[in-house]
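Student: give me a model of this one.
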Amino acid sequence: DGAFSGCSSLTSATIPDSVTSIGDGAFSGCSSLTSVTTPESVTSIGDNAFRGCSSLTSITIPDSVTSIGKDVFFLCSSLKEITIPQAFHSEVEASRLGLDGLWPDGFALPDSAGN
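Tutor: Now for the predicted structure:
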């Protein structure tokens, strides 16, 4: 939890295959973060994990992720698109994740979903 919280100069992150969970607030407040590479090994993302990452423009959440906490993308004002598993494709989920402004046009399915 909070591993990189507040690292305002961090611009990108590649999460290694050994990681299975992104903790609560892991990248919260990383205002310069523009890209995150999330491997298929990740199955859960905690509350507020990317909250306030105001430079993040897009992110891909792999199909392996089955649990995503609340307000994960709240205050991610530059986020224009998200690739996220089908289970999170709804107006209710968009709101819970802090993605009200992206629903429905900014939502896409991961390539592994067969679209």
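Student: what lies in contact with stretch 38-46?
Tutor: Taking contacts as Cβ atoms under 8 Å, 6 or more residues apart in numbering, the residues outside stretch 38-46 that touch it are 1, 15-26, 59-69, 72. Backbone N, C-alpha and C define where each C-beta goes, glycine included.
Student: with stretch 89-99 instead?
Tutor: Stretch 89-99 has contacts (Cβ under 8 Å, 6+ apart) with 51, 68, 70-76, 79, 82, 87-88, 100, 102-104, 106-107, 109.
Student: for stretch 71-80, same thing?
Tutor: Contact partners of stretch 71-80, identified using Cβ under 8 Å, 6+ apart, comprise 45-59, 82, 96-99, 102, 106.
Student: and stretch 5-25, by the same measure?
Tutor: For stretch 5-25, the external contacting residues (Cβ under 8 Å, 6+ apart) are 1-4, 26-49, 51, 55, 69.
Student: residue ranges in the protein under the pLDDT threshold?
Tutor: By pLDDT under 70, the low-scoring segments of the chain are 112-115.
Student: helix/strand/coil for residue 82?
Tutor: In three-state terms, and counting by DSSP: H, G, I helix; E, B strand; the rest coil, residue 82 is strand.
Student: just give the number of residues close to the nearest residue to it once chain neighbours are set aside.
Tutor: Spatially, and ignoring its direct neighbours in sequence, residue 82 is nearest to residue 59 (5.7 Å; Cβ to Cβ, 6 or more residues apart in numbering). Using other Cβ atoms under 10 Å, residue 59 has 20 other residues around it.
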